[in-house]
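Trainee: Next come a sequence and a model predicted from it.
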Amino acid sequence: MAANPRFAKVAPSIVPKLDRFLSKVSGGRVMSSSAIVPSILLVTTGARSGKQRETPLATVPLGEGFYVVGSNFARESHPAWSYNLLANPDATVVFKGDRIAVRAHLLDAAEKAAVWGELTALWPTYDAYEERTERDLRVFELRPAAQQAE
């Protein structure tokens, strides 16, 4: 269903709002999308506004960190949260009720290729999204800030 272009037209206006609401009322423990894939609420600092922005995202947990893909439902533009991470890589992840300070790293082509199979094993729709858009989907690694000093 998620790979269907019609779903991609409707979902961006419904799914994030629903997931933000469910995350808020459950203290970050529940999102509708987490019934299908592991999900986080990513809190970034707006690249232009400087305001805190909350975005529910599918994720691939990585030890104590996470991978996230800027699929934007295969739209032609990168998602706003990815611009925010490029401008301000320090962010917060809410995962299963835990708030984790993270630092984002945009994967280069080789790093992305090394993990793409793991990402699509969890969410095969990423392949369909990449086929439908001409842009290169951004992939970020979100590592706990505490690990950055190591």
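Mentor: Alright, I've got the coordinates. Numbering: from 1, shown residues only.
Trainee: Show me what the longest strand along the chain is in contact with.
Mentor: The longest strand of the chain (DSSP state E) is strand 98-106. Strand 98-106 is contacted by residues 28, 64-66, 85-86, 89-94, 138-146, 148 when judged by Cβ atoms under 8 Å, 6 or more residues apart in numbering. Glycine gets a C-beta too; all of them are placed from N, C-alpha and C.
Trainee: For it, list every residue counted as buried.
Mentor: Neighbour-count burial for strand 98-106 flags 100, 102-105 (criterion: 16 or more other Cβ atoms under 10 Å).
Trainee: Among those, which one sits closest to Q52?
Mentor: V102 (14.2 Å; Cβ to Cβ).
Trainee: what's the closest non-adjacent residue to that closest one?
Mentor: L142 (4.2 Å; Cβ to Cβ, 6 or more residues apart in numbering).
Trainee: give me the number of residues near that neighbour?
Mentor: 26 (other Cβ atoms under 10 Å).
Trainee: what's the spacing between it and G97?
Mentor: Per Cβ to Cβ, to the nearest Å, L142 is found 17 Å from G97.
Trainee: who's in contact with V94?
Mentor: By Cβ under 8 Å, 6+ apart, the neighbours of V94 are 23, 28, 40-41, 43, 100.
Trainee: can you do 7 Å?
Mentor: Counting by Cβ atoms under 7 Å, 6 or more residues apart in numbering, V94 touches 23, 28, 40-41, 43.
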